[in-house]
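Trainee: With the sequence up front, the predicted model follows.
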Amino acid sequence: MPVRVRYADTDRMGIVYYGNYPIFFEMGRSEYMREKGFTYREFEDMGYHLVVVGMELKYYNAATYDDLLIVKTRVSELKSRGLTFHYIIYCDGNLIVEGKTKHVCVNKNKKPVLIPQHLFDVLRDVSAK
């Protein structure tokens with residue numbers, strides 16, 4: 001998924017502020033779900049949320065204003081109540097950042113629950129590849 005770095009994404013040194021990469025992860029995650037035919041809005045309308053319970057990032061290179069980043073997202077781990085997304089962000093073929101977010105499925109009362117079967121089946125199919 002392409003993301004153009006906005007001026008607002010950069011810090012005083014002219015590079016992407018380190019705290020903005022999780023925003024790019026979220027964008028990649030949302031589009032990943034949409035491509036699999038299951039949007040976050042639909043998931044929330046069903047009364048569920050995937051809350052972030054952990055995150056890891058490793059920075060390799062800096063991105064700057066107007067760079068075109070490519071955010072690659074995949075499911076790297078799938079369990080009955082949670083999953084882990086893995087992200088790689090590139091710019092002009094150079095690795096910029098790599099990261100993971102770990103999520104737990106909760107209901108509207110914020111209690112951990114099983115991932116709905118339809119979504120689990122969709123994600124199981126793609127995570128096995």
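Mentor: On my side now, so go ahead. Residues are numbered from 1 along each chain as shown.

Trainee: Can you tell me the element the residue nearest the centre of the chain falls in?
Mentor: Residue closest to the average C-alpha location in the chain (Cα atoms, centre = their mean): Arg29, at 3.3 Å. In this structure, Arg29 sits in helix 21-35 according to DSSP states H and E.

Trainee: what's the model's confidence in that helix, averaged?
Mentor: Throughout helix 21-35, pLDDT has a mean value of 96.

Trainee: For the residue nearest to the centre of the chain, which residues are in contact?
Mentor: 73, 85, 87, 101 (Cβ atoms under 8 Å, 6 or more residues apart in numbering). In this view, the C-beta of every residue, glycine as well, is placed from N, C-alpha and C.

Trainee: Return the subset of the residues you listed lying in strands.
Mentor: Among the contacts of Arg29, the ones falling in strands (DSSP state E) are 73, 85, 87, 101.

Trainee: ok, the residue nearest to Val16 when sequence neighbours are not counted - how many residues close by?
Mentor: Nearest residue to Val16 in three dimensions, chain neighbours excluded: Ala63, at 4.4 Å (Cβ to Cβ, 6 or more residues apart in numbering). Ala63 has 25 neighbours, counted by other Cβ atoms under 10 Å.

Trainee: thinking Ala63 is in contact with Asn94, fair?
Mentor: No: look at Ala63 against Asn94 with Cβ atoms under 8 Å: they stay out of range, at 9.0 Å.

Trainee: Out of the ones in strands among the contacts of Arg29, flag the one nearest to Lys58.
Mentor: Tyr87 (10.6 Å; Cβ to Cβ).

Trainee: Give the buried residues for the least confident helix or strand in the chain by mean pLDDT.
Mentor: Counting by mean pLDDT, DSSP states H and E, the weakest-scoring helix or strand in the chain turns out to be helix 117-127, with a mean of 79. For helix 117-127, a neighbour-count test (16 or more other Cβ atoms under 10 Å) marks 119-120, 122-123 as buried.

Trainee: Alright, calling it a day.
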